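Engineer: mind folding the following:
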Amino acid sequence: MTEPFITFYVNYYEGSRKYDPHLNISIFRPDGMKKLARRAMTRALQSMRKVAVSNTVREYFVSAAKVRSSITLSAGDKGTFQVRGARLGLHNFRFTPGRHGRKGRKGTPLKAAVRRDKGLTPIPRAFRVKKWGNSLWQRLYDGEVESVPHGFPIKFLSTLAVPQMIGNNPDTIGAMKDAAEEMFSKVLKHEISRALGGAG
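Structural biologist: Numbers count the residues shown, from 1 in each chain. Coordinates of the predicted model:
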């Protein structure tokens with residue numbers, strides 16, 4: 001019995017107002033075992049998703065639900081693990097709202113952190129808008145307004161997309177591959193044993 005062969009590639013599409021990176025990982029199952037391998041393929045993909053979510057949440061201040069919702073699994077002729085999603089707003093990570101200065105006192109800037117191994121970083125002129133989903137924005141200087149498509153003196157603060165968080169970490173990709181191969185072999189052996197036992 002051959003082990004599944006796993007490949008992955010990352011494609012990025014970036015336009016002036018659209019940024020839609022996505023990550024594809026394909027698993028090719030052994031020939032001649034389509035029916036037996038179907039359940040094994042599904043379980044292997046689920047194992048990959050579990051590892052991808054846990055490793056990403058361990059590394060970044062992002063919710064497991066946000067990572068999981070970006071992942072699509074498909075166990076057709078080949079197993080496909082697809083991660084799609086645009087850049088996430090900075091408010092999806094850890095941040096502490098700033099405070100305006102009062103009575104001559106200096107205010108405190110808004111601080112944010114994307115990675116868990118990094119501390120909170122002050123963001124000059126940043127502010128939160130509760131009625132816009134707690135999104136974070138930044139006031140721009142006069143000379144910066146021309147670079148913003150809508151022409152307003154503020155910009156939406158965004159950072160990495162989920163495909164980047166997963167695809168840029170070789171350790172996560174390696175752990176996903178190991179988990180998929182282990183689960184695929186385990187379930188496929190069980191399916192073969194059950195088929196042989198039932199045949200008698």
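
Engineer: which stretches in the protein count as helices?
Structural biologist: In the chain, the segments counted as helices under DSSP state H are 34-59, 64-68, 162-167, 170-199.

Engineer: find the nearest non-adjacent residue to the most centrally placed residue in the chain, please.
Structural biologist: The centre of the chain sits closest to Val162, judged by CA atoms, centre = their mean, with a distance of 2.3 Å. The shortest distance from Val162 to any non-neighbouring residue, by CB to CB, 6 or more residues apart in numbering, is to Ser70 (4.0 Å). Placement of C-beta: from N, CA and C, glycine included.

Engineer: residues near that neighbour, how many?
Structural biologist: 23 (other CB atoms under 10 Å).

Engineer: check it and give its pLDDT.
Structural biologist: Looking at Ser70, its pLDDT stands at 92.

Engineer: got it, and Ser63?
Structural biologist: pLDDT at Ser63 comes out at 96.

Engineer: domain ranges for the protein?
Structural biologist: Listed by automatic domain parsing, the domain ranges of the chain are 5-87+161-199, 90-156.

Engineer: mean pLDDT for those: which is lowest?
Structural biologist: Among these, domain 5-87+161-199 scores lowest, with a mean of 78.
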